[in-house]
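Peer 1: this one's sequence-less:
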């Protein structure tokens, strides 16, 4: 959901170190300023849950950065590093707190507000340079609009101080970035990537343990702030989850798993100086089994580039994102599978081995479906305890 997902060991590591090996320009780059004031940009990459995909492969050709968020391809001020040869990586190879260190490069000091990842196009010689592997399916070419020309554009806020290192992580969310195109068997890349400052290796992470019998493929753990996921991951085979990196602050931990009720832990602190443990390995969190089957909620949204999610307000707060629905790129159709049973909540307490979750019956089956397009938002409240008529959202 949260470029865990959301991403491969060689992605930008090789790409950024090439500059020091004579494999591409850096610093002034194309139209560079020629300033003698230079800093260092260091990057890593991670990934969020894949949401029905076993692999998401992209092939990186080069990376470009600019201090202007509105700079066009041919404008001045671009610094560029060319990856020779281009590197094909699986973005889903990183999850559960694992980062790929991507190296570092020198740049003119200043604030960089635009970053572009330019991909190698699928072609007769490299038909699967960019591809997806749906769970239970075969590898399919991934359509990457504009990514092979102008590049995947990220609006960033990266300060590169003179004579210092700016350390950032690109967090790719595969669940929200891969869009199915009707019954064509084709998929589009609609990248959802956040850029997170990494201030310390000593903290900025939340660690916990789930019942290891929960299948990782259908289990999601996220840290949310005011209903917006900041970081998400599946657990590993032992049930451990690590959410990293996370900016310092206080969050809500949301656990969802197939056939289980939603579990929410409120008031989880994150600091830069120490790990935050929400429970101990000997007392894993096991969300209660759901008594009722989940409710299927479907609808359409126009334009099909809009996003749709389900929010749930707990008694007295907080609001959480309970589910995200991929929107079909052709029809605008979406479908949720929403828990009907009451969510369970617990307050974070340091040193508590077994958090005590209690039911919140006032929130049972109550959701707000939120659609968003180009900054505009529309919502509709639903009660999933009974069949929900098809929903429809239309933006001008």
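Peer 2: Received it, and whenever you're ready, just let me know what you need. A quick note: this is a predicted structure, and the numbers were derived from the prediction, not measured.
Peer 1: can we go C-alpha only for contacts and neighbour counts from here?
Peer 2: OK.
Peer 1: can you tell me which residue is spatially central in this structure?
Peer 2: Computing the C-alpha centroid of the chain and ranking residues by Cα atoms, centre = their mean puts residue 173 first, at 2.5 Å.
Peer 1: and the gap between that one and residue 382?
Peer 2: 27 Å (Cα to Cα, to the nearest Å).
Peer 1: residue 332: what's it in contact with?
Peer 2: Neighbour list for residue 332: 300-305 [criterion: Cα atoms under 8 Å, 6 or more residues apart in numbering].
Peer 1: from these, which ones fall inside helices?
Peer 2: Residues of those located in helices (DSSP state H): none.
Peer 1: so which of those residues are in strands?
Peer 2: 300-302 (DSSP state E).
Peer 1: out of those, who has the most neighbours?
Peer 2: Among the ones in strands among the contacts of residue 332, the one with the most neighbours (other Cα atoms under 10 Å) is residue 301, at 23 neighbours.
Peer 1: and that one, what does it touch?
Peer 2: Contacts of residue 301 (Cα under 8 Å, 6+ apart): 327, 332-334, 371, 392-394.
Peer 1: swap in residue 334?
Peer 2: 298-301, 308, 325-328.
Peer 1: rewinding a little: distance to residue 83, secondary structure and pLDDT added to the contacts of residue 301, as CSV?
Peer 2: Output for these, formatted as CSV (distance: Cα to Cα, whole Å; DSSP: H, G, I helix; E, B strand; the rest coil; pLDDT from 0 to 100):
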residue, distance to residue 83, secondary structure, pLDDT
327, 33, coil, 90
332, 36, coil, 93
333, 38, strand, 94
334, 38, strand, 95
371, 38, strand, 97
392, 44, strand, 98
393, 42, strand, 98
394, 42, strand, 97
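Peer 1: out of these, who has the most neighbours?
Peer 2: That'd be residue 327 among the contacts of residue 301, by other Cα under 10 Å, with 28 neighbours.
Peer 1: just to revisit the earlier point, pLDDT check: weakest of the contacts of residue 334?
Peer 2: Note: of the contacts of residue 334, the lowest pLDDT belongs to residue 326, at 86.
Peer 1: how close does that residue get to residue 54?
Peer 2: For residue 326 relative to residue 54 (Cα to Cα), the value is 16 Å.
Peer 1: and if you look at residue 343?
Peer 2: From residue 343 across to residue 54, the span is 29 Å (Cα to Cα).
Peer 1: which one's more surrounded, these two?
Peer 2: Between residue 343 and residue 54, counted using other Cα under 10 Å, the more crowded position is residue 343 (27 against 18).
Peer 1: verify the contact between that one and residue 362 for me.
Peer 2: No. Under the criterion of Cα atoms under 8 Å, residue 343 makes no contact with residue 362, lying 9.2 Å away.
Peer 1: how about the helices in the protein?
Peer 2: Under the criterion DSSP H, the chain carries helices at the ranges 11-17, 174-177.
Peer 1: lowest-confidence stretch among the ones you listed?
Peer 2: Across the helices of the chain, helix 11-17 gives the lowest mean pLDDT, at a mean of 38.
Peer 1: just for the stretch 251-396 of the chain, where's the confidence low?
Peer 2: Applying pLDDT under 70 to the stretch 251-396 of the chain flags residues 352.
Peer 1: for it, which segments count as strands?
Peer 2: Ranges of strands in the stretch 251-396 of the chain, per DSSP state E, counting those that start in this stretch, are 263-270, 276-277, 295-302, 307-313, 319-325, 333-338, 344-347, 358-359, 366-373, 376-383, 391-394.
Peer 1: where do the strands sit along the stretch 101-250 of the chain?
Peer 2: 110-119, 131-134, 140-143, 152-160, 165-172, 178-181, 186-189, 193-197, 206-209, 219-225, 228-233, 240-243, 249-257.
Peer 1: any chance of these in CSV, with distance to residue 293 too?
Peer 2: Shown next, in CSV, are the strands of the stretch 101-250 of the chain (distance: least, Cα to Cα, whole Å):
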stretch, distance to residue 293
strand 110-119, 42
strand 131-134, 25
strand 140-143, 32
strand 152-160, 40
strand 165-172, 31
strand 178-181, 26
strand 186-189, 30
strand 193-197, 33
strand 206-209, 25
strand 219-225, 16
strand 228-233, 24
strand 240-243, 26
strand 249-257, 13
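Peer 1: distance to residue 347 and mean neighbour count for those strands - can I get that in a markdown table?
Peer 2: Below are the strands of the stretch 101-250 of the chain laid out as a markdown table (distance: least, Cα to Cα, whole Å; neighbours: other Cα atoms under 10 Å):
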| stretch | distance to residue 347 | mean neighbour count |
| --- | --- | --- |
| strand 110-119 | 38 | 20 |
| strand 131-134 | 37 | 21 |
| strand 140-143 | 42 | 21 |
| strand 152-160 | 33 | 19 |
| strand 165-172 | 27 | 22 |
| strand 178-181 | 34 | 22 |
| strand 186-189 | 38 | 20 |
| strand 193-197 | 26 | 21 |
| strand 206-209 | 14 | 21 |
| strand 219-225 | 14 | 23 |
| strand 228-233 | 18 | 25 |
| strand 240-243 | 18 | 23 |
| strand 249-257 | 9 | 22 |
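Peer 1: which of the ones you listed sits closest to residue 321?
Peer 2: Checking these against residue 321 by Cα to Cα gives strand 228-233 as the closest, at 6.5 Å.
Peer 1: what does that closest one rub up against?
Peer 2: Residues contacting strand 228-233 (Cα under 8 Å, 6+ apart): 1-2, 4, 47-49, 95-97, 220-224, 241-246, 320-321.
Peer 1: what bridges to residue 336?
Peer 2: residue 297 (DSSP bridges).
Peer 1: for it, give me its contacts.
Peer 2: With Cα under 8 Å, 6+ apart, residue 336 has these contacts: 295-298, 323-325.
Peer 1: redo that, cut-off 6 Å
Peer 2: By Cα atoms under 6 Å, 6 or more residues apart in numbering, residue 336 lies in contact with 296-297, 325.
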